[in-house]
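>>> Need coordinates for the below:
(chains A, B and C)
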Amino acid sequence: MAEMIFERLTHTLEEFVAMVVDFLPRLLAMLIVVILGWFIAFVTRFVIRRVLALLKFDAFSEKSGVTQTLTRVGLPPPGELVARVVFWVIWASFMVLGLSVLGIATLQEEISRFFQFVPHIFVALLILYVGFWAAHFFSRAALLAAVNANFPLARLLATFVQLGIAVLAVTMAFDQLGLAKTAVLIAFSITFGAVMLGLAIAFGIGGRFVARRVLEKQLIEREPEKDEKEASPL
Amino acid sequence: MPDAGKSEKPYAPRPLWYKDAIIYELHVRAFCDGTGDGIGDFRGLIHKLDYIQDLGVTAIWLLPFYPSPLKDDGYDIADYTSIHPSYGTLEDFRTFLEEAHRRGLHVITELVLNHTSDQHPWFQEARSSRNNPRRDWYVWNDTDDRYRGARIIFVDTEKSNWTWDPLSKSYYWHRFFSHQPDLNFDNPQVREAISDVIKFWMEMGVDGMRLDAVPYLVEREGTSCENLPETHEVLKFLRRKLDEQFPAGMFLAEANQWPADVRPYFGDGDECHMAFHFPLMPRIFMAIRLEDRKPIVEILQQTPEIPETCQWAIFLRNHDELTLEMVSDEERDYMYDEYAKDRAMRINVGIRRRLAPMLENDRRKIELMNGLLMSLPGTPAIYYGDEIGMGDNIYLGDRNGVRTPMQWSGGWTGGFSLADPERLYSPVVSNVQYCPQAVNVQSASRSPHSLLSWMKLLIRVRKSTRVFGRGSIEFLSPANHRVLAFVRRLGNETILVVNNLSSSAQAVELDLRNFKGAIPVEMSGGNIFPRIGELPYLLTLGAYQFFWFKLRRI
Amino acid sequence: MNTVSPGEEKPIEGSLLADEFIRELVAVGEVDLLVGVPTLNDAKTVGHVVQAAQIGFAKHFPRERTVLVNADGGSRDGTPEVFMSVAVDAPHRLLASQPLRTMHRVSTRHQGSPGAAAALRTIIAAADLLRAKACAIVSPDLASINPAWIDNLLRPIHKEGFDLVTPLYYRHKFDGLLVSNFLYPLVRAACGQRLREPLATEFAFSGRLAGHLLEQGFWREAEDVSSPEIWITTLALLGDFRVCQSFLGPKVHGAKDARQDLVGTLRRAVGTLFRCLEAQESQWSSKTGSEAVPTFGFPYEVALERVRFNRKRLLQMFRTGVTELGSILQAILAEGTLHEIQEIAKLADDEFLYSDELWVKTIYDFAGAYHRSVINRDHIIQSLVPLYRGRIGSFVLQNHNASSEAIEKAIEGLCEEYERLKAYWLDRWTPNK
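Next up, the predicted model:
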C-alpha cells in the first residue's frame, strides 16, 4: 500500500517535474519574447519621436488645432500620443505573442483575434486625428465667415460646427474599433439630444428675457440701417 | 534695336565661349595699314576693331603674324614668340589684345606646330652638324625612301616629302613645302618647347589657338603618317598643359579629313575643343548648284557625335583654296566644271576663289549660303571681305588671289593704306565688278540694303539664341528635294529652318505634326505665321529664299 | 476697317490662344500699339470704351500701326459682337483726322476660366506675338474714359521708353481706401517707389515687359481668383524696368461696380500681394526709404459723388471681430499689437482711434503670419477684415472734414510710418533672423 502510494507520489512528482521541465523553457521563451518586445517597442518609440519631430508634426498639429482639442481632454500632444500608443501596441503584441508561446490552447483564438484588432486601432487613431483637424478647421472657417458677415452668435455657430464634426469623428473611430457600436451611437445620440433639449428649454424658459434682449439687440436695432445707401469701404 | 557700340560687355572669358562664337578670319597684312608702308599691321587693325565689333562677330582669328621669310604666307615661322616687323611689335600686339577684349572680342591665333621655316634658329642649329643637340628636333634620314606611304600634299610644287640638305649631307622630312622642315614630335624636348610657346601667348591674353596641320605631327613606317595614335598623344599632352593654366583656352584643329577621321581629334573632350568641318563646305556649294539638298544631308548624317564640350567650326571660304580632297572624283569634276572652268581658278586639289565671284555675285545665293553657314550646327567663320562681297584675282599666284587688301573705301588703295598703290604688298582687286570703287565698306555702310547691312542683321538674329551654336539638328524630308528643311533644338527652344536651294520659286509641304500647336515666328522680321496643325504645313519660297522660324508655344 | 467676327473657336490643348485668334493675329501682323479690353458681360458699356480707344488711336497716333484686342471670358450678352461692330459715329469723326492705316479689331474667347488673369494673359501674349512696342489695358465698364487716356497711357512707353505706366486717378477722398491705407503704402515700403495705384485696372506696358511677364510662373496660380495686376506692378518695380505714372482724371465705373464684396476683394488683393512679396523677397527686403516715380499728365479736380460709410457699423463689426476672433488673432498678431487692439476696441465711438503705427504693425504682423503660414492662409486674410473695418472707421472719423490736400498729407504720414517700421516687418517676416 505504502509502496503503491509512494509509487503514485513518485509518479506524480515525476509527472510534475516533467511538466515543469517541459514548461520552463516555454516560460523562459515567453519572458525573452516579452523583454525583447519591450526593447523593440522602446526603440520604435524613440524612432517615432525623432521622425515626428523632424517632420514638425507637433507644430502642424498645433497650427491645425488638433493639439488644443487633445489638451482640452487631458491628452498629450498628438506626436507624443502616437509614440505612446505605438509603444504599447507593440509591447502588448509581444506579450500576447509570449502567451501564445506558452501554448495554452484556449488562449490561441483570443490571441489571433487580438492581432486582427491591431490595425483597427491605427485606423481609429487616424480618423480621430483627421476628424479633430477638420473640426477645428471648419469651426474656424465658420467663425470667420459669420463674423465677417456680421452674423449674430458667431461663436455659438462655430462651436456647433466643431462639436458636430468631433462627435462624428469619435463615433466613426469607435465604429472602426467595433466597440459596442450601437451602445456608443445611442449614448451619443442621447447626450447630444439631451444637451440640445436642455439648451432649448433653458434658453426658452429660464433665459427668455435674456434671449429676447439678445435677439432684439442683434436683429431689431439693426433694422433701420439696412436700407441706408452705403458703399463698401474699399 | 540698340546701337551695337553701346552694348559693350566687359571682357571675361568663360569656358565654352567658342560654342556661341562667330569667328571673323583675317590677315593682319591684308586688313589695314596703319603706318603707310603698304603692308597691313596691328596699328591699322586696332583702328578697324570698331568695324569688326559693329559687324557683330565675337572672335577674331588672325593668320600667322610671326617673323617669317613669308614663302608660305607666314605659315613658315622663323620665331614663334615675336611679331613680324612689318606688322608691328609685341607691344602693338598687346594693345590690340586689350582693345579687342574691351570690345568683347575673343582672339584666336595660329600655332603652326607641325613644321618651322628653314630659317628658324632651331633648324639652323639642327642642320649645322649631325651631332648638334638640336639635331633630333627635326626628322632626318640618309636616304629618301622612308615613309613611302605618306602622300604628297602640294602636288603642284613638291615632288617628294624628303629634301636633301647639302650642309649636313642628309635628307630632312617635310609634309608641305621643302622650306618647311617638320618638327620631330617623338622628341620630348620638342613637345615641351611647343607647350612653352602656347603658354607664352596664352599668358599674354590670347583666347584660343588654331593648330595648323595637326594630322601630320608624327611619322611611322608603313603608315600614311596621318592621324597616328602617337599624334593624338602629342595633342593630349598639349591639352593637359593648357587646361592646367588656362581653363578657358581653346584649341581649334585644322585637320582636312573625313568627319569620322576628324572625330578622334576631339578625343574624349581631352584633345582639341574645336575642329574644322572640311567636307561640309564643298557640299554646300554643290547642293546649291545641283539644286538638291542631298549632298548636305548626306555629309551631316555621316558626321559623328562629338563630346559635349566640343564644337565643329564651319566656313564657306577661307584663306586657302576651296579644298576638294574630301569629295569623290565624280563630285570633284562637277565642282571644277561648275565653279572653276578656267584652269587658273584651280590650285592643288581645290579652287582658289572668293565667295562672291564663285556665286557669280548673285546676292540671293550669297545670302542663302551665309544663311546656311549661320544655321547649320557649329561655330561659323567668316573670311574677311566676304561680308561686303569682295572679289579675287586668280592671276596673283598661289592663293594670293584671295588675300588682297581689304577694301574700305573707293580710293586707289581701297582705303587700305596711305601708301602709293604700287607699294602695297599686293595689288588691290581691279576688275570692274569688284574693284574698290564698286565694292567697299564705306558705301556698304551707307545703304541699309547692302550685303554688309544684311550680314549684320543675320549675325544679330543668329546671336539672339544659343540654339544655333549648341542645339541638335533633325532633318525634315519634304517631297520637294530642292528644299532643305531642318529643326534645331536646345532645351525647350526650337527653331525651324527652311531653305530653297533652287533658282525658282518653290512650294513645300512640311510634316510638322511633332510641333502641333506651335506658332512659327519668322526670326528676322518677327512676324507670326499660322499655327501648326495636323495637316502638312504649306510654305512657298522665292528663289534661293530661306526662313528661320522660332516655334513658340503660348 | 477690318472686322472679323469671332466664330466657333476650338482650343488646342495646352495652349492659351485659340487657332482662330492666331489666324486673326497673323492678318494683323506687327503693330506698334495695342489696346486690350478684357470683358465679361459688358455689352452695355464696352461700346463707349471701344470708341474712345479708336478715336484715341486716330487722334494721337495717326501714323502708328494699331490694334484693339478683346479677350472675352464667355459673355452671354453679346459683348464680343458689340466690341467688333460698334462704329465711330460721324460726330466723333470731327475729333480726329481720318486714320492713314487699316484699323484692326480682334476679339477672342479666351481659354480657361473667365477670370481676369486669363484675359490679361491672352492680351499680353497677343502683344508679345505682334511685337507691340506699347500695350494698354483698359477696363470695359469705364464711364469716364476719353480718347486722351489712350495717349496718356501709351505715350510714355512709345515715346519716352518707359516699361510700365500706372494711372493716377482723381478720386473722392474716401474712394480707394484699400489702396491708400494698405496696397499703396505697403508696395511703396517694399519696393521703395511711390507708385500710387499698384492695383489698377488701367495700365500700359512695353513689349519688353510683356515678354518678361509671359515667362513668369505666377499665371498658373493666378488662374481665377487673384489680381495679376499686383504681380505686374511689383515685378516691374523690383526688376530692371522703368516705371512711371500718368494722370487720367476721375475714375467712374459703370453700374456693375457699385457694391463690391469686401471680404472677396481683400482675399484677392491682400493674398496676392503677400504671395507676390514672398516670391520676390530677395529683391525688396534690403530696400529702405522710397523715391518718387516720374509722373505725366495734367491733374485737375472735379466734383465727385460723395462716398459715404456707416461708421457706427464699421466700428461695431470691428469690436465683434476683436472679441470673437480672439484666439485666431492671438496666433497672428504680436502680443503688444493684440493688446493695443483690444484696448482701442473698448473706446467709445467718438474717441475711437486706430493709429497709423498700430495699423502698420497690424499689417506687418499679418504679412509675417501669412509668410510663415501660422494657420491656414485664407483664414489669416479673413481675420484681417474686421480690423480693416476698424481702421477705415477710424480713418473716416479722423478725416471727416479734411480737404483733399489734408487727406494726401495723412496718407503720406501713413506711408512714412510704413517705411519707418520696415525693420519691424522684416523681423516679423522671419523672426529667427
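>>> going forward, measure contacts between C-alpha atoms and count neighbours the same way
OK.
>>> Neighbours of residue 82, how many?
Since no chain was named, I'll use chain A. Neighbour count for A:Val82, taken as other Cα atoms under 10 Å in any protein chain shown: 19.
>>> my question was about chain B
By other Cα under 10 Å, neighbour count at B:Ser82 equals 15.
>>> Could you pull up the residues touching the nearest residue to it once chain neighbours are set aside?
Among residues not flanking B:Ser82 along the chain, B:Tyr66 sits closest, at 5.9 Å (Cα to Cα, 6 or more residues apart in numbering or on different chains). By Cα atoms under 8 Å, 6 or more residues apart in numbering or on different chains, B:Tyr66 lies in contact with B:Gly74, B:Ile77, B:Ala78, B:Asp79, B:Tyr80, B:Thr81, B:Ser82, B:Ile83, B:His84.
>>> secondary structure element for C:Arg105?
Using DSSP states H and E, C:Arg105 maps to strand C:104-109.
>>> Repeat that for B:Ile314.
strand B:311-315.
>>> That strand pairs with which strands?
With DSSP bridges as the test, strand B:311-315 is paired with strand B:274-276 (parallel), strand B:379-383 (parallel).
>>> re earlier: now, of the contacts of B:Tyr66, which are buried?
With burial judged by 16 or more other Cα atoms under 10 Å in any protein chain shown, the buried subset of the contacts of B:Tyr66 is B:Gly74, B:Ile77, B:Ala78, B:Asp79, B:Tyr80, B:Ile83, B:His84.
>>> And the third one, how far from B:Phe65?
B:Ala78 sits at a distance of 11 Å from B:Phe65 (criterion: Cα to Cα, to the nearest Å).
>>> swap in the fifth one?
Using Cα to Cα, B:Tyr80 is found at 10 Å from B:Phe65.
>>> do the last one as well
Here the distance between B:His84 and B:Phe65 works out to 6 Å (Cα to Cα).
>>> Tell me the helices and strands packed up against the host helix or strand of A:Glu3.
Assigned by DSSP H and E, A:Glu3 belongs to helix A:2-54. Helix A:2-54 sits against helix A:78-102, with contacts defined as 3 or more Cα pairs under 8 Å, 6 or more residues apart in numbering or on different chains; DSSP states H and E.
>>> by contact count, what packs against the helix it packs on?
Secondary elements touching helix A:78-102 (3+ Cα pairs under 8 Å, 6+ apart): helix A:2-54, helix A:57-64, helix A:66-72, helix A:105-148.
>>> Next, the angle from it to helix A:105-148.
Here helix A:78-102 points in a direction 170 degrees away from that of helix A:105-148 (axes from the mean of the first three to the mean of the last three Cα atoms, to 10 degrees).
>>> any low-confidence regions in the chain?
In the absence of a named chain, this looks at chain A. Scanning chain A for pLDDT under 70 picks out A:65, A:69, A:72-74, A:105, A:179-181, A:183-184, A:191, A:194-195, A:198-233.
>>> actually it's chain C I care about, not the one you picked
Ranges of chain C meeting pLDDT under 70: C:1-14, C:89-97, C:112-115, C:221-226, C:253-260, C:432-433.
>>> got a list of contacts for the top helix by length along it?
Counting by DSSP state H, the longest helix found in chain C is helix C:377-398. Residues outside helix C:377-398 that contact it (Cα under 8 Å, 6+ apart): A:140-141, A:144-145, A:147-148, A:233, C:174, C:177, C:262-263, C:266-267, C:270-271, C:311-312, C:314-315, C:317-322, C:325, C:328-329, C:332, C:350, C:352-354, C:359, C:366, C:369-370.
>>> Generate a ChimeraX selection restricted to the buried subset of the residues you listed.
The buried residues among those can be selected in ChimeraX (16+ other Cα under 10 Å) with this line:
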select /A:140,141,144,145,147,148,233 /C:174,177,262,263,266,267,270,271,311,314,315,317,318,319,320,321,322,325,328,329,332,352,353,354,359,366,369,370
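>>> Between the two ends of stretch B:86-93, how far is it?
The first residue of stretch B:86-93 is 12 Å away from its last residue (Cα to Cα).
>>> got it, and stretch B:270-281?
26 Å.
>>> Outside of that stretch itself, list whatever touches it.
With Cα under 8 Å, 6+ apart, stretch B:270-281 has contacts from B:232, B:235-236, B:239-240, B:250-259, B:262, B:265-266, B:296, B:299-300, B:309-317, B:323, B:326-327.
>>> host element of B:Leu45?
helix B:42-47.
>>> In that helix, which residues are buried?
Buried positions in helix B:42-47, judged by neighbour count with 16+ other Cα under 10 Å: B:Phe42, B:Arg43, B:Gly44, B:Leu45, B:Ile46.
>>> nearest spatial neighbour of the fourth one, skipping sequence neighbours?
Which is B:Leu45. Distances taken as Cα to Cα, 6+ apart place B:Cys32 nearest to B:Leu45, at 5.6 Å, with adjacent residues excluded.
>>> can you count the residues close to the one you found?
B:Cys32: 29 neighbours (other Cα under 10 Å).
>>> in terms of contact, does it touch B:Gly38 like I think?
No - between B:Cys32 and B:Gly38 there is no contact under Cα atoms under 8 Å: 9.1 Å.
>>> if I look at these two, which residues touch both of them?
If you check B:Cys32 and B:Gly38 against Cα under 8 Å, 6+ apart, the residues they both contact are B:Ser417.
>>> Give me the distance from stretch C:244-252 to the chain's centre.
12 Å (Cα atoms, centre = their mean, to the nearest Å).
>>> which residues are in contact with stretch B:243-263?
By Cα under 8 Å, 6+ apart, stretch B:243-263 touches B:13-18, B:202, B:207-215, B:227, B:239, B:242, B:265, B:272-279, B:302-304, B:306, B:326.
>>> Of those residues, which belong to strands?
Among the contacts of stretch B:243-263, the members found in strands (DSSP state E) are B:Gly208, B:Met209, B:Arg210, B:Leu211, B:Met274, B:Ala275, B:Phe276.
>>> Show me the domain layout of chain C.
C:2-296, C:311-429 (automatic domain parsing).
>>> Tell me the spacing between the residue in chain A that chain B sits nearest to and B:Ser178.
Residue nearest to chain B within chain A: A:Leu234 (35.3 Å; Cα to the nearest Cα). Distance, A:Leu234 to B:Ser178, by Cα to Cα: 92 Å.
>>> which residues of chain C fall in strands?
Using DSSP E, strands in chain C cover C:2-3, C:33-39, C:66-72, C:104-109, C:134-137, C:164-170, C:193-194, C:203-206, C:243-250, C:291-292, C:295-296.
>>> for these, which one sits closest to A:Leu13?
Of all the strands of chain C, strand C:104-109 sits nearest to A:Leu13, with 99.0 Å by Cα to Cα.
>>> for the closest one, the distance to its chain's centre please.
23 Å.
>>> name the helices or strands packed onto it?
strand C:2-3, helix C:19-28, strand C:66-72, helix C:79-85.
>>> Please render these as CSV that adds mean neighbour count and distance to chain A to the earlier fields.
Below are those laid out as CSV (neighbours: other Cα atoms under 10 Å in any protein chain shown; distance: least, Cα to the nearest Cα, whole Å):
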stretch, mean neighbour count, distance to chain A
strand C:2-3, 12, 39
helix C:19-28, 19, 36
strand C:66-72, 26, 26
helix C:79-85, 21, 27
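>>> what's next to stretch B:69-82, contact-wise?
Here stretch B:69-82 has contacts from B:63-68, B:89-90, B:112, B:115-121, B:179-180, B:197, B:200-201, using Cα under 8 Å, 6+ apart.
>>> With stretch C:425-433 instead?
C:Ser285, C:Lys361, C:Tyr364, C:Asp365, C:Ala367, C:Gly368, C:Ala369, C:His371, C:Arg372.
>>> try stretch C:196-205
By Cα under 8 Å, 6+ apart, stretch C:196-205 touches C:134-139, C:153-154, C:157, C:162-168, C:179-180, C:183-184, C:187, C:227, C:229-230, C:233-234, C:269.
>>> now do stretch C:214-222
By Cα under 8 Å, 6+ apart, stretch C:214-222 touches C:Ala117, C:Ala118, C:Arg121, C:Ile124, C:Ala125, C:Pro228, C:Trp231.
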